[in-house]
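# just a sequence and a predicted model for now, questions to come.
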Amino acid sequence: MSATRSALSKFRWLPALAATAVLMLQAVPAEAANAGVGNDVSWPQCGKALPKGPAFGIVGVNNGLANTTNPCLATQLTWAASSTGTAGQPKVQLYVNTANPGLAGSWWPTSNTYAGTKVFNPYGDCKANDVGPACSYMYGWAKAYDDAYIRGISNPSGYTWWLDVETGNSWSGDKAANRADLEGMVAFFGSTNAKTGIYSTGTQWSQIAGTVPSTSPLYTLPSWLAGARTLTAASRNCSSAPLTGGGTVSLTQYVSGGFDYDYSCV
């Protein structure tokens, strides 16, 4: 999700101190000065300069796949905690990669039990070789559990967790199963009293999850809309349709200067 920052040019003819100052200025595009604008970062920014002075920070927990850990998670959480703060958005938020790989994944559930917990499954019993909604729900629940408890998050209930839903990850051709997968994630995070939302574009969301029924726990979740290339376009996207019929647009994303910027709609 996060943009890869382009390399800065070297200023060999400047004294070392002046060169450092110029580089720091280049790392702070003008957008950073706009009230209400934050940034999101993750593994592509490992070892690179992070945006300066965001109003809030959103940190990716994974390393590009739902079953991995961002190797720079601790450093980036510290960066986000230093953000200036803004009304309507927590200073530190998280996003997680999502997927529904079925039997092609490195792990797939065979029951409604995970990490010693018997999980209530609204889709019935998950059984071996089942790739329908029941086991998809369990897969999502399990990945959310891992994100909360084995990735290095010290207080999972204290964050908003955004579900990053993109076609670049593995998904079932069954949209109902994909919705069940995401519902499992929402159910787990809800069990910790954490808040959740959905990050995607309208096109990708439609391809993966389709139309969300009003009975789904996804229906009222807030949306974080991607796809804009300027601050102006991002602000206009606050008036776009949310990803689900009962939700609202809370954030919009745009890319500038190699960074992902996030505009608060609330």
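Happy to help now that I have it.

# which residue is nearest the centroid of the chain?
Closest residue to the average C-alpha location of the chain: Tyr95 at 2.7 Å, with CA atoms, centre = their mean.

# spell out the secondary structure type for it.
Classification of Tyr95 by DSSP: H, G, I helix; E, B strand; the rest coil places it in strand.

# and for Thr167, the neighbour number?
Using other CB atoms under 10 Å, Thr167 is surrounded by 13 other residues. In short, each C-beta sits where N, CA and C put it, glycine included.

# these two touch, right, it and Ser206?
No: counting by CB atoms under 8 Å, Thr167 stays clear of Ser206, with 10.3 Å between them.

# what count of nearby residues applies to Lys52?
Other residues near Lys52 come to 14 when the count uses other CB under 10 Å.

# could you check how far it is from Ser83?
According to CB to CB, to the nearest Å, Lys52 stands 10 Å off from Ser83.

# the longest strand along the chain: what's the following helix or strand?
When the chain is parsed with DSSP state E, its longest strand is strand 249-256. The element immediately downstream of strand 249-256 (helix or strand, assigned by DSSP states H and E) is strand 259-264.

# just checking, what packs against that next one?
strand 37-41, helix 231-237, strand 249-256 (3 or more CB pairs under 8 Å, 6 or more residues apart in numbering; DSSP states H and E).

# report the distance from that strand to the chain centre.
Relative to its parent chain, strand 259-264 has a centroid offset of 13 Å by CA atoms, centre = their mean, to the nearest Å.

# next secondary structure element downstream of the one helix or strand Ala177 maps to?
Assigned by DSSP H and E, Ala177 belongs to helix 175-191. Next in sequence after helix 175-191, counting helices and strands by DSSP H and E, comes strand 195-200.

# all strands for the stretch 101-250 of the chain, in order.
113-114, 117-118, 160-164, 195-200, 223-228, 249-256 (DSSP state E, counting those that start in this stretch).

# pLDDT of the fourth one, averaged?
Along strand 195-200, the predicted confidence averages to a pLDDT of 98.

# please report how far Leu77 lies from Lys52.
17 Å.

# now do the contacts for Trp171.
Neighbouring residues of Trp171 by CB atoms under 8 Å, 6 or more residues apart in numbering: 99-101, 178, 208.

# which of these fall within helices?
178, 208 (DSSP state H).

# below-threshold pLDDT in the chain: ranges please.
For the chain, residues meeting the criterion pLDDT under 70 lie at 2-35.

# repeat the analysis, applying 90 as the threshold.
Within the chain, the stretches with pLDDT under 90 are 1-36, 85-88.

# hang on, the earlier thing: between the contacts of Trp171, which sits nearest Gly197?
Comparing the contacts of Trp171 against Gly197 with CB to CB picks out Ile208 as the nearest, at 15.7 Å.

# would you mind measuring from Leu231 to Ser200?
Separation of Leu231 from Ser200 (CB to CB) stands at 20 Å.

# more neighbours: which of these two?
Just comparing Leu231 and Ser200: by other CB under 10 Å the higher neighbour count belongs to Ser200, 25 against 18.

# leaving aside the residues next to it on the chain, what's closest to the more buried one?
Val165 (4.2 Å; CB to CB, 6 or more residues apart in numbering).

# just give me the neighbour total for the one you found.
Val165, neighbours per other CB under 10 Å, totals 24.

# so who does it touch?
By CB under 8 Å, 6+ apart, the neighbours of Val165 are 98, 182, 198-200, 204-205, 208-209.

# from those, which is closest to Phe259?
For those, the nearest to Phe259 is Tyr199 (16.3 Å; CB to CB).

# what pairs with the closest one across the strands?
Beta-bridge pairing of Tyr199, defined through DSSP bridges, involves Asp164, Trp224.

# mind checking how far it is from Thr68?
18 Å.

# which residue of the two possesses the greater neighbour count?
Tyr199 (26 against 14).

# that one against Ala226, yeah?
Yes: with contact defined as CB under 8 Å, Tyr199 and Ala226 form a contacting pair (6.6 Å).

# appreciated, that's everything.
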